[in-house]
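> structure for the following, please:
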Amino acid sequence: MVRSYRSDWKIIMEILRSGLGKGAKKTHIMYRANLNFVSFNKYFPALLEGGLIVELDDPDGGSLYITSEKGKALLRLLNGVNEALAEKASAV
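As a prediction, this is how the structure comes out:
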């Protein structure tokens, strides 16, 4: 059985996608991105510190996290790279 690993940028894309819309709690982002706690904590703090994800107060208590405009711009860029690579791979 061949194991398939995701690249760092694909994991970052999944985290940024998970924060689109009204935002989500950390646990929901972690589950949507299909990450364990250790892997999540490798990426999430850097995205938060880089301003790609912002923290908001949740009216129900706690915090919500939402992808910022800077994060959305990066996500668009990474989607374009992903599409270009997929086209290149299918042409080979």
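> for this protein, what helix or strand is lowest in average pLDDT?
helix 69-91 (a mean of 89; mean pLDDT, DSSP states H and E).
> buried stuff in that one?
71-72, 74-75, 78 (16 or more other Cβ atoms under 10 Å). C-beta: built from backbone N, CA, C; applies to glycine.
> mind pulling up the pLDDT for the nearest residue to Gly71 once chain neighbours are set aside?
Counting by Cβ to Cβ, 6 or more residues apart in numbering, Gly71 lies nearest to Leu52, which is 3.6 Å off, once chain neighbours are set aside. Predicted confidence (pLDDT) for Leu52: 97.
> and the gap between the spatially most central residue of the chain and Ser7?
The centre of the chain sits closest to Ile15, judged by Cα atoms, centre = their mean, with a distance of 1.7 Å. From Ile15 across to Ser7, the span is 13 Å (Cβ to Cβ, to the nearest Å).
> ditto for Asn36
17 Å.
> please apply the same query to Val54.
Applying Cβ to Cβ to Val54 and Ser7 gives a distance of 25 Å.
> swap in Phe44?
Taking Cβ to Cβ, one finds Phe44 at 17 Å from Ser7.
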